[in-house]
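J.: Quick check, what structure comes out for this input:
(chains A and B)
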Amino acid sequence: MKNLNEKNYRKVFFVILALAVVLVGWPKITELGKSSVRSLSLPAERIGSDVSLQASDTVNVINGFGSRLKREKELSLELVQVQSELNRLRNIESENVRLRKALGFEKTTPYKLIPANVINRNISGWWNTIRIEPGANKKIKANHAVLSPDGLVGKTYQINHYSCEVLLLSDPAFRVAAKLKDCDVFGIVRGMGKTLSGQPIVRMEFINKNIKIKVGDEVVTSGFNHNNNFFPGGIHIGYIEKVYVDDSSLFQYADIIPRATSGLLDFLFIVNEGKK
Amino acid sequence: MKTKLLLLITFSIAAIIQQLSPSIAFFGNIKFPIFSSIMVYASFRLSKRNVWICSLLSAAVFDSLEPGPYGPSLIAYSVITFLILKYRNNLFHEGLVTQVICGGLCSFLITFISGVFFLITNVREIDYFLIKLIGSFFLGSIALPVCSYLLSSLIIYEEKGGVR
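T.: All right, here's what the predicted structure looks like:
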């Protein structure tokens, strides 16, 4: 029997390959296959992520023995500043709600932030993605914004039961409607990959050519969503670095320095519909 | 059974390490090819049937962990397995020079086939392709000897039907 198997392994292989070619073109099968492998590898990934986090924490503790008091003071100051800013924003929000009601505008969609752990990164380097926990078990949907305290990181991409892939801001497949914070200049922000020094490249395109843009202007999400995207308006993306005129001379485009980088992320937030 | 279990553990650890490791920006943001090096290591030592099983399963796992469609690794790993099975009896697989060249070539082939696959299917925009190819050869030529050394001293799985 074994000899027969040895002789026929090529036939078996080609049958498996033919089946694979037929089946992988079927999106449901692809989804099922990926979801199963990722769910199976999740416990091991969680252990790997914990070990990696513990190691980096230990290094941070060793590095930070001398400056702990200084850091504590800085954090206290930051906390006070953030609390006062939060109070100010709450006042503005309630005022905004009153004005919208008075003008008869529709209520903006409420959203909540779901905390997520980064459990792994992309395996090959072809994609700029990370894998986070949770997934569909916490009602996470695809194409929702993913944030860090520094601003927009990316969007949820492929949802598995316990985890989901996040397409990072620098990935060429990433697109989001954006605007300049201080003036209503709109455009599309898209990822352009990374430079050979590892810096993410992000570009804002289709900007009205008649509007003057300054280097250092802040870029935020505009809140215009399509294709089931869910990006609330006003999320920080980055700052304008350089401005160019499009080849067609119809638009201008600008390179952006994103503030939230993906190198050392370990804790993120997924934006989801629902009350805060 | 012991060999298969050891392989499963080895591939799982390799997949986690490769995912956690940072991409090397200088080589077009590719990663150290630990996973494929283990596949090449196993291909030199297992029986033909087990090599094919190992190759197909590892390729399916690799493609499952990628956001893109199934295909790049399934094709690349099958081509590499076919080439290794064809020439492995003529190669001295314990030799450092063989490992350096084989590791480099296999990694180069995986990047090349993946790149061509992405170009044809229009799944990805390809940037720094030449640098990626050179980087893959360089990193593969380091990864295979290192993986071979570590695996040979930890576990030995040479089967009946494999190269001795």
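J.: Report the separation between the residue in the stretch 101-250 of chain A that chain B sits nearest to and B:Q18.
T.: Per C-beta to the nearest C-beta, A:G198 is where the stretch 101-250 of chain A lies closest to chain B, at 3.2 Å. To be clear about C-beta, it is placed using only N, CA and C from the backbone, and glycine gets the same treatment. A:G198 sits 18 Å away from B:Q18, going by C-beta to C-beta, to the nearest Å.
J.: more neighbours, these two?
T.: B:Q18 (25 against 14; other C-beta atoms under 10 Å in any protein chain shown).
J.: so after the helix or strand where that one lies, what's the next helix or strand?
T.: For B:Q18, the element it lies in under DSSP states H and E is helix B:2-20. Next helix or strand after helix B:2-20 toward the C-terminus (DSSP H and E): helix B:34-45.
J.: hmm, what's the outermost residue in chain B?
T.: For chain B, the largest distance from the centre (C-alpha atoms, centre = their mean) belongs to B:N122, which lies 23.9 Å off.
J.: Distance check, that residue against B:S136.
T.: Applying C-beta to C-beta, the value for B:N122 to B:S136 is 22 Å.
J.: So what's the residue count around B:Y77?
T.: Residues lying near B:Y77 (other C-beta under 10 Å) number 29.
J.: Give me the secondary structure label for it.
T.: helix (DSSP: H, G, I helix; E, B strand; the rest coil).
J.: With only the CA atoms kept, save stretch A:150-165 in CSV.
T.: Extracted C-alpha coordinates of stretch A:150-165, given in CSV (Å, rounded to 0.1, in the frame of the first residue of the first chain):
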residue,chain,number,x,y,z
ASP,A,150,-1.9,59.6,18.2
GLY,A,151,-4.6,59.4,15.5
LEU,A,152,-5.7,57.2,12.6
VAL,A,153,-3.8,53.9,12.2
GLY,A,154,-5.8,52.2,9.5
LYS,A,155,-9.0,50.3,9.0
THR,A,156,-10.4,46.8,9.8
TYR,A,157,-10.0,44.6,6.7
GLN,A,158,-10.6,40.9,7.1
ILE,A,159,-12.7,39.9,10.1
ASN,A,160,-12.3,36.5,11.6
HIS,A,161,-14.2,35.2,14.6
TYR,A,162,-11.6,36.1,17.3
SER,A,163,-9.3,38.5,15.4
CYS,A,164,-9.2,40.9,12.5
GLU,A,165,-6.6,42.3,10.1
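J.: Indicate whether it makes contact with chain B.
T.: Yes - using C-beta under 8 Å from any C-beta of the partner chain, stretch A:150-165 comes into contact with chain B via A:Y157, A:Q158, A:E165.
J.: Sort out for me which of these are in strands.
T.: A:Y157, A:Q158, A:E165 (DSSP state E).
J.: Now for the residue positioned nearest the centre of chain B: which residues touch it?
T.: Residue closest to the mean C-alpha point of chain B, counted by C-alpha atoms, centre = their mean, is B:S36 at 1.7 Å. Taking C-beta atoms under 8 Å, 6 or more residues apart in numbering or on different chains, we find B:S36 in contact with B:F62, B:Y77, B:I80, B:C106, B:S107, B:I110, B:G140, B:A143.
J.: separation between it and A:E74?
T.: B:S36 is 45 Å from A:E74, by C-beta to C-beta.
J.: A:N128: neighbouring residues, count only.
T.: So A:N128, with other C-beta under 10 Å, has 25 neighbours.
J.: Do you know the pLDDT at it?
T.: Looking at A:N128, its pLDDT stands at 87.
J.: got the buried residues for whichever strand or helix holds A:V59?
T.: Here A:V59 sits within helix A:27-64, counting by DSSP H and E. Of all the residues in helix A:27-64, those buried under the rule 16 or more other C-beta atoms under 10 Å in any protein chain shown are A:30, A:33-35, A:37-38, A:41-42, A:44-46, A:48-49, A:52.
J.: now stretch A:121-136
T.: Residues A:121-135 are the ones in stretch A:121-136 that count as buried (16+ other C-beta under 10 Å).
J.: From the residues you listed, which land in strands?
T.: Secondary structure assignment by DSSP E places A:R121, A:T129, A:I130, A:R131, A:I132, A:E133 of those in strands.
J.: Would you reformat those residues as TSV and include distance to chain B?
T.: As requested, those are exported to TSV (distance: C-beta to the nearest C-beta, whole Å):
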residue	distance to chain B
A:R121	5
A:T129	5
A:I130	9
A:R131	8
A:I132	13
A:E133	14
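J.: Let me know the closest of the residues you listed to A:F230.
T.: Proximity of those to A:F230 (C-beta to C-beta) peaks at A:I132, which lies at 16.0 Å.
J.: Report the contact partners of the residue nearest the centre of chain A.
T.: The centroid of chain A falls nearest to A:G154 when counting by C-alpha atoms, centre = their mean (1.7 Å). By C-beta under 8 Å, 6+ apart, the residues touching A:G154 are A:T129, A:I130, A:V146, A:V166, A:L167, A:L168, A:L169, A:D171, A:F174, A:S262.
J.: and those residues as JSON lines, adding distance to B:V100?
T.: Output for the contacts of A:G154, formatted as JSON lines (distance: C-beta to C-beta, whole Å):
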{"residue": "A:T129", "distance to B:V100": "31"}
{"residue": "A:I130", "distance to B:V100": "32"}
{"residue": "A:V146", "distance to B:V100": "41"}
{"residue": "A:V166", "distance to B:V100": "36"}
{"residue": "A:L167", "distance to B:V100": "36"}
{"residue": "A:L168", "distance to B:V100": "34"}
{"residue": "A:L169", "distance to B:V100": "38"}
{"residue": "A:D171", "distance to B:V100": "33"}
{"residue": "A:F174", "distance to B:V100": "38"}
{"residue": "A:S262", "distance to B:V100": "33"}
